[in-house]
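Peer 1: I'd like to go over a predicted model; first the sequence, then the structure.
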Amino acid sequence: MPDPFKPLIGNPLIAFELATVDPNGDPTTGITRTETSKTSFSIDTEEMKFSATGGIDAWDTRRYLNIWVCTMVGQYLNLSHIWGESRVPSCSDSDFVTDTPNQYGPNGGKPTFPHVTCNNAPHGDMFMNYMDYVDDDTMFMFSKEQVARMHAALEFERSQLGTPSPGM
């Protein structure tokens, strides 16, 4: 871990459990499997989330965290990629978190510290952040402000997550 980023490490202390009751009130393992002839899904149209387009319909997203294992990217807890929202790399784009330095697009593989882009010297990109595209064994942190954003998402946008259905 590069020393300059150590004080910025945040631990969200968020845990998820598999559902034990499905939206109809029936017992479940919390896992459904759907076979499809599609080889990939478009992130722009979210085809994987609809039976009509080869995926499977989501359970009530206010109470369940639906995860599709397929070719796509998702930011369920209101985090953006560390380089920002734009599909075209830019040093002016932002992930809306002030303790992550702006960077010019995604990093891959195992960058060497510091990896400087967008005049973010001396420390460079926070490529070890989970919201970048580096190898799994290279990413190991969220920043403190990313953690605050995740908690806000759970408190507001996702406040009903895990609550029982009416009548259960």
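Peer 2: Done, it's in.
Peer 1: Point out where the chain drops to low pLDDT.
Peer 2: Low-confidence regions of the chain, defined here as pLDDT under 70, cover residues 42-44, 71-72, 74, 164-168.
Peer 1: Could you break this structure into its assigned domains?
Peer 2: For the chain, whose domains are defined here by automatic domain parsing, the residue ranges read 17-72, 81-168.
Peer 1: of the ones you listed, which approaches Leu8 most closely?
Peer 2: For the domains of the chain, the distance to Leu8 is smallest for domain 81-168, at 4.7 Å, taking C-beta to C-beta. For every residue, glycine as well, the C-beta is placed using N, CA and C.
Peer 1: what's the spacing between the residue most central in space within the chain and Phe96?
Peer 2: Residue closest to the mean C-alpha point of the chain, counted by C-alpha atoms, centre = their mean, is Gln75 at 3.3 Å. Applying C-beta to C-beta, to the nearest Å, the value for Gln75 to Phe96 is 11 Å.
Peer 1: which stretches of this protein form strands?
Peer 2: Across the chain, reading from the start of the chain, the strands by DSSP state E fall at 9-10, 108-109, 133-134, 142-143.
Peer 1: Give me the distance between the two termini of stretch 110-126.
Peer 2: 12 Å (C-alpha to C-alpha, to the nearest Å).
Peer 1: Go ahead and measure how far it is from the middle of the chain.
Peer 2: Going by C-alpha atoms, centre = their mean, to the nearest Å, the spacing between the C-alpha centre of stretch 110-126 and its chain's C-alpha centre is 22 Å.
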